[in-house]
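A.B. asks: here are the coordinates; sequence isn't available:
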């Protein structure tokens, strides 16, 4: 039976949606800070229209659960929960860092460092490795903190992906055990990667009820105090 899996991600500056119908994937993606609430539902309707499907044809929903921008993460989870409740379908929350690592190009055997600029002088970080099935799996816990404070696994093979690389290049170079073989500081998590990572979870029956699809923030602070800003 062909599964129709809808995936969305609004955790970073990029707003994206993807529809996986069996082996066929179609997607929409736009770099549009602060316009996610305006864009995400029309993107979903556009995908369904292109596929010739109605919302009732959706069998499951995958969503980027964070970490990322607080407002963006909340929006993605809320949209996924609302749609899933209305359609009575399960949800699989997927790490936005894992989705970002999945976007790394041609990194077999490498440790993939996914880093998202968390603002306030910090990054969200996770180390992943691509398996034989082509999907990434975590090597370390996901963390948030200053780029100058991270300790990464010992390895000579590194690929780095994400906006944290562009924002904190020098600090990350100093902390990595070896210079990366490839790096891209422009990448954001994409719904297409979330769909690919979520599909085995759905097939295995690991989808959850909408109320259990919860965001992951990694920190509970959204801005620096005035005293903290002056101290920088």
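C.D. replies: Thanks, I have it. Please read all numbers here as calculations on a predicted model, not as lab measurements. Numbering: from 1, shown residues only.

A.B. asks: what residues are up against the residue nearest the centre of the chain?
C.D. replies: The structure's the chain has its C-alpha centroid closest to residue 96; by C-alpha atoms, centre = their mean the separation is 2.0 Å. Residues in contact with residue 96 (C-beta atoms under 8 Å, 6 or more residues apart in numbering) are 9, 11-12, 64-68, 73, 116, 189. All C-beta atoms are positioned from the backbone trio N, CA, C, and that covers glycine.

A.B. asks: next one: the lengthiest helix in the chain to chain centre, how far?
C.D. replies: In the chain, with assignment by DSSP state H, the single longest helix is helix 70-87. Between the centre of helix 70-87 and the centre of its chain there are 14 Å (C-alpha atoms, centre = their mean, to the nearest Å).

A.B. asks: by contact count, what packs against it?
C.D. replies: Here helix 70-87 touches strand 4-9, helix 36-51, strand 60-64, strand 91-94, going by 3 or more C-beta pairs under 8 Å, 6 or more residues apart in numbering; DSSP states H and E.

A.B. asks: mean confidence score for the following helix or strand past the last one?
C.D. replies: Reading on from strand 91-94 to the C-terminus, the next helix or strand found by DSSP states H and E is helix 96-102. Predicted confidence along helix 96-102 averages 98 (mean pLDDT).

A.B. asks: from now on call the first residue 46
C.D. replies: That works, and once the first residue is 46, the last one we named lands at helix 141-147.

A.B. asks: what residue ranges in this protein score low on pLDDT?
C.D. replies: Scanning the chain for pLDDT under 70 picks out 46, 265-277.
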